[in-house]
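>>> One predicted model, sequence on top.
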4 protein chains.
Amino acid sequence: MTTFHHPDFTAPLLATAPDARFVPAPADGVLPESFFATTNLPTYVRVGGAWRMPREPRMDSALVLEPDGTLWVREGRRVKRGDLVAVGMAEDGSEGIYVHAAAFFSGDDGEFKFMASEVSREKPIDYALMARLLIEERDRGGYPVWVAGPALVHSRARNDFVWFIQNGFVGAMLAGNAVAVHDIEASIFGTTLGMTGQGEITQSGHGLHMRAINKVRAGGSIAAAVRDGTITDGIMHACVTHDVPFVLTGSIRDDGPLPDVITDALAGQDAMRRHAIKATMAVLIATALHAIATGNMLPAFVTEKDGTLRELTTICVDSLEFVVTKLKDRGTHQAFGVVTNAQDFMHILRLYVERELDQRPAGQLASRATG
Amino acid sequence: MTTFHHPDFTAPLLATAPDARFVPAPADGVLPESFFATTNLPTYVRVGGAWRMPREPRMDSALVLEPDGTLWVREGRRVKRGDLVAVGMAEDGSEGIYVHAAAFFSGDDGEFKFMASEVSREKPIDYALMARLLIEERDRGGYPVWVAGPALVHSRARNDFVWFIQNGFVGAMLAGNAVAVHDIEASIFGTTLGMTGQGEITQSGHGLHMRAINKVRAGGSIAAAVRDGTITDGIMHACVTHDVPFVLTGSIRDDGPLPDVITDALAGQDAMRRHAIKATMAVLIATALHAIATGNMLPAFVTEKDGTLRELTTICVDSLEFVVTKLKDRGTHQAFGVVTNAQDFMHILRLYVERELDQRPAGQLASRATG
Amino acid sequence: MTTFHHPDFTAPLLATAPDARFVPAPADGVLPESFFATTNLPTYVRVGGAWRMPREPRMDSALVLEPDGTLWVREGRRVKRGDLVAVGMAEDGSEGIYVHAAAFFSGDDGEFKFMASEVSREKPIDYALMARLLIEERDRGGYPVWVAGPALVHSRARNDFVWFIQNGFVGAMLAGNAVAVHDIEASIFGTTLGMTGQGEITQSGHGLHMRAINKVRAGGSIAAAVRDGTITDGIMHACVTHDVPFVLTGSIRDDGPLPDVITDALAGQDAMRRHAIKATMAVLIATALHAIATGNMLPAFVTEKDGTLRELTTICVDSLEFVVTKLKDRGTHQAFGVVTNAQDFMHILRLYVERELDQRPAGQLASRATG
Amino acid sequence: MTTFHHPDFTAPLLATAPDARFVPAPADGVLPESFFATTNLPTYVRVGGAWRMPREPRMDSALVLEPDGTLWVREGRRVKRGDLVAVGMAEDGSEGIYVHAAAFFSGDDGEFKFMASEVSREKPIDYALMARLLIEERDRGGYPVWVAGPALVHSRARNDFVWFIQNGFVGAMLAGNAVAVHDIEASIFGTTLGMTGQGEITQSGHGLHMRAINKVRAGGSIAAAVRDGTITDGIMHACVTHDVPFVLTGSIRDDGPLPDVITDALAGQDAMRRHAIKATMAVLIATALHAIATGNMLPAFVTEKDGTLRELTTICVDSLEFVVTKLKDRGTHQAFGVVTNAQDFMHILRLYVERELDQRPAGQLASRATG
């Protein structure tokens, strides 16, 4: 059980602090404009030169000085017109109120705050920033590595990923057999695992991914199946036709697998690492397995040509906080978590990239086209 | 422990079935084009007039007849060139292969299939359909009730919700104190719970929502705060300026609360139900509490003016399958689940509605403007 | 948009139905004992020989007949003493009230109900049943295959898993490199990923799993490391000393790997399947990858020696509904989902098995000891 | 984009550091015993008096000095017998290797580590510690406040909660209408929401909770229903018969509600706070709404009678990390998260408390009995 010491009131700042200032509440249930907002931490209020702790502490409330000299923490709605309410914003004692945050938060900046967690679906997703980073990477010839899970292939997101490949935003794609299988089933049969893009299940659909795999195995490789017209669109088609390298690594869950899949895990790691050592950015979407595998082999930094260091921007997208936290707990601390549905992520990210590009002057656009 | 009976092979369809047809595999690890794809269910193959069960059953594999007359289930990759592989798509015995699905799926249509669950983040989100439904509701003067949780207010989604209000897609909004508090804090201070739209935490930010509440309490109501210029934008501003009715119901978690909040739960239910009985559609976003409360008081159907019945379209958006499942488990079985981040949902839904409207002929657009 | 037809009131059951019976409420806000509890489905009440739909339908409420002859759905709390409230339990019209469930639930048994979802953390976990099944499997010489994720190794669950191995409940264990790595790190250093069993992080702990792997690589195999005293306890130790076969399959996420790991995914599948074809029960704990891989190669049924069929009991434990749903959506429909923390699951399951064994007569216990 | 400075190599510790020591690998794929385990942070190795960065940085690997003088980060499995591998554990340069953690982790203790997140299902659950804290609270006459969600009532957990109430571990219980409704339905009908303790759905079960509520409303209060024999067991029965105070606060989701429910949210907050100000410990189980409401009104500390301060032990149990993170993000930073199924939590916690009590000398047990 953790115990605390009271602050040292002989320290200069506290010893010379003024009394707290109290102002009457203007109406029942209404606080003075600059009321002091309480926290749930040990709090000391200077009254008549003495530091006192108010009764019934809680957060989100006001400090009320009763006529009998007692000091209370009270919800704003319970304050009556004329009640004396402490005012001030400072929590360091300089206005007569000291919040003993150091007792709890010795490690960091020592302030009580909300929304301090790193990974939460409640955090805003800064698509504009991510779009800008992606465009900058492309403009300076960076090597963004995209790591994708199968959720990216279902319905809409597939087209959006194709767009990123076609427009030069993907240095390399690392994925598993399933991403390619679903993508190729979608190209050949219009379904993923027998389900249409509207979520309907087709008759005998459970065998369609096996039929898609079999067609590619018969042809010998994904590239061959693109060339002979078996695969006419989609992610793998875009990689092949735009010369974007891809690594498909195998797992025990694989059906087939497709002929391009590296089934030995160590050979697969070596193939992935050849891209990881070149990476200047990483986008990890909807896959714990491949994201953590890639995170394991990525440095947390990029060494620029001039020898300076910068953080390797690492975006991890998943519908659960847990996957991002797990990635960080496995050492990829630099990962920035985006907690959302992978398909919606791709759609909006593309939208923001398109908008950003549209706002650029024509000259810049021209130079990109030749890049 | 559930046991099964073998099928009745004297039944006409099975008694008269042909033998299964076997075709040689064209190459090592490649199956004949129309190979039979196995399931994990009891399977019977007619060979020489007799129904036999293959050895080592599993799904996603082929049926191989060995020269010694034994019958095996084997992964495609293990099949050798020339191996005899069963072909056919039918699972009802009509091509000599019978899958005993009835043993397992007596209740439904009796087919083995993938992706049969109702609620999963893997299901496609049909934004085009939802956009069309919303526009149709508006066009025929429907009363779509929107039920919103605070996640909707953080950063971007707030603007998108305002757009739906301004453009006539919201019949009524049902929410709690927090939605309005965050929205008003965003209007006055540019933060939600002290966090900026970029996710940064501001100095002394933990008190800002209390200061926002206090300002509205001082003015007496949200509408008054809109009129006197305290609140200049956002969801509540849009409701007030566009005469969209809202119900804010209280909970024990509330700070403040705002003066408009109905703090008695039963009075709150009565206020909500006045809108629920008029609802022709329901959109429940990012709130288990308010979604289930509303679901409890919604009929599953709408009675049209001509007396015909239709299902009451009920969309439930949450980042977790669990909330949708829970809503259904509480009786709102008609809910259609959308498993994604609420902010991304709002952004894309608006995009699809805008696209759909843009494609309409000018005359229709004009008529909407007067609606 | 789905529309419905009203029921056929000329059908015999409805044509001959009696009028609904109404009874006065005994007090304000109190309903008669056998009140009819409404659903949110289209409902028809026979009054004076005519079928009528009540106004303001919703679930969890009462049917009230007003003196003016109008019929309302009303919450119990709003009913006044003496109000006429419909009574009866039947929803098929036989007591004058017909709930048109067929309109919505054509596929199944056509009743409105709560808690109908298959996979939810709200479903009870029947540990007693699972304990009984496990003991029965052991008693009749079954072959229960356990598939384990690394969550099983952290702290307490490790000991419980050892207990199941030592006591003959594990036919074979299928897992990945990480399960064995964490387990062996725990045996050698007392940590998993550098974290103690109390959750504390040790100095330089990030390298401990690599040091554990290196020690086993130096010795040549896990069995060798058990024999030479490097590994003195834990899951792998128990497998080796109790001759329980294990298959460790590799993945791109692996550190090391340990020398026993099969790094080729297809060789790994073949090794797993040698156990899958013998399985008479499957327990899949805290691993989507290995659970789905195993599910893919399991039949949904067991063929007994006498030729009869029974369902292959398949228990899938995960802290998220999603993993169970995904397993089912990949075809392992027979899986029974247990939504909880894997460690707590193991602890309680063991407790129930121990209790069940304790209640058996001594003779039975003796026979087990020789088994 | 964050950029970093290289460390200051003129600082005393680095300027006087020795060269790193390299030792030959004993076999292919086996590292020397005390190998240096890499991180993904910028790393500097002193060779020949100069600080150099190795090529191809990644974590979980070794530092290899090639005969040509180049320095590489290499996975252990790729190291060959005789390769020169850096040894040492220190990361501060004192053994010739400096990990530039300060570049990334300025805020905290500046070490690369795994498993550093605060809230994760991967963290061990220290039931022994929690059991000890609960017993200590009881022994010194503390006031542990339990806040419960309805998940606690389904099946087994109900009995365990009753045990804690009966044995003096519950100072007060704060909950909503649903907890009491499910508990009372279980006592009267043996079901919760019409589902049996084995998870089966009963005929007409959807109305049973309404019938349970109606019975209590007819009697006037829960205590009256206990006294007249309507409620014969369960949580509410235990509270009434053991004089444990409870507060049931209302919400818009409530059916009924039960007569004891405080339907006004502000009156409910006031009632809850009367217990919160006395709380010496808080156990928040399976309820975001009530947990955050209670957290809002709890101080983060307890003032002992002698004026010393200690942290107010706050345990938050939920099956999702998100609820715990949200609670912390709302200011209840002192909460300790337990990520598991609430029912399993209760069962195991009780087990540990019973064990701890069993190990105490008889005298202590006697004194408890009179407490």
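That came through, no problem.
>>> who's in contact with the helix or strand A:Trp146 falls within?
Assigning secondary structure by DSSP states H and E places A:Trp146 in strand A:144-148. Residues outside strand A:144-148 that contact it (CB atoms under 8 Å, 6 or more residues apart in numbering or on different chains): A:134, A:137-138, A:161, A:164, A:169-175, A:179, A:235, A:275-276, A:278-287, A:290-291, A:294. For glycine as for every other residue, the C-beta is placed from the backbone atoms N, C-alpha and C.
>>> which ones among those residues are found in helices?
Within the contacts of strand A:144-148, residues falling in helices by DSSP state H are A:134, A:137-138, A:161, A:164, A:179, A:235, A:275-276, A:290-291, A:294.
>>> Among the residues you listed, which ones lie close to chain D?
Among the ones in helices among the contacts of strand A:144-148, proximity to chain D is found for A:Ala276 (CB under 8 Å from any CB of the partner chain).
>>> if we can go back for a sec, can you list the strands that the strand holding A:Trp146 pairs with?
If you go by DSSP bridges, strand A:144-148 pairs up with strand A:172-176 (parallel), strand A:281-285 (parallel).
>>> JSON lines please, covering those and showing mean pLDDT and mean neighbour count.
Converted to JSON lines, these look like this (pLDDT from 0 to 100; neighbours: other CB atoms under 10 Å in any protein chain shown):
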{"stretch": "strand A:172-176", "mean pLDDT": "98", "mean neighbour count": "25"}
{"stretch": "strand A:281-285", "mean pLDDT": "97", "mean neighbour count": "26"}
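>>> Tell me which of the ones you listed sits nearest to C:Tyr143.
C:Tyr143 sits nearest to strand A:172-176 of all these, at 29.9 Å, using CB to CB.
>>> C-alpha coordinates for the closest one, CSV please?
The C-alpha atoms that make up strand A:172-176 are tabulated as CSV, following Å, rounded to 0.1, in the frame of the first residue of the first chain:
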residue,chain,number,x,y,z
ALA,A,172,6.9,-2.6,-50.5
MET,A,173,3.9,-4.7,-49.3
LEU,A,174,4.4,-7.4,-46.7
ALA,A,175,1.5,-9.7,-46.1
GLY,A,176,0.4,-13.3,-45.7
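>>> what ranges of the stretch 101-250 of chain A fall below the confidence cut-off?
By pLDDT under 70, the weakly predicted segments of the stretch 101-250 of chain A are A:105-110, A:155.
>>> Indicate the residue of it located nearest to chain C.
At 3.7 Å from chain C, A:Gly250 is the closest residue in the stretch 101-250 of chain A, using CB to the nearest CB.
>>> which helix is the longest one in chain A?
Ranked by residue count under DSSP H, the longest helix found in chain A is helix A:342-358.
>>> what about that helix and chain C, touching?
No - applying CB under 8 Å from any CB, one finds helix A:342-358 out of contact with chain C, separated by at least 13.5 Å.
>>> just how off-centre is that helix within its chain?
16 Å (CA atoms, centre = their mean, to the nearest Å).
>>> Can you pull out the residues in contact with it?
When contacts are taken as CB under 8 Å, 6+ apart, the neighbours of helix A:342-358 outside the stretch itself are A:125, A:127-128, A:130-132, A:134-135, A:149, A:151-152, A:154-157, A:160-161, A:163-164, A:167, A:169, A:285-286, A:317-319, A:338, A:365, A:368, B:124-125, B:340-341, B:344-345, B:347-348, B:351.
>>> Please pick the buried ones from those residues.
Of the members of the contacts of helix A:342-358, the ones counted as buried by neighbours, 16 or more other CB atoms under 10 Å in any protein chain shown, are A:125, A:127, A:130-131, A:134-135, A:149, A:151-152, A:154-157, A:160-161, A:163-164, A:167, A:169, A:285-286, A:317-319, A:338, B:124-125, B:340-341, B:344-345, B:347-348, B:351.
>>> in a strand, that's where A:Arg132 is, yeah?
No - assignment of A:Arg132 by DSSP: H, G, I helix; E, B strand; the rest coil gives helix, placing it outside any strand.
>>> and the residue nearest to it when sequence neighbours are not counted, how many residues sit next to it?
Nearest residue to A:Arg132 in three dimensions, chain neighbours excluded: A:Glu356, at 6.3 Å (CB to CB, 6 or more residues apart in numbering or on different chains). A count of nearby residues for A:Glu356, using other CB atoms under 10 Å in any protein chain shown, gives 15.
>>> Ok, the one 5 residues further on next?
When neighbours are counted by other CB under 10 Å, A:Pro361 registers 7.
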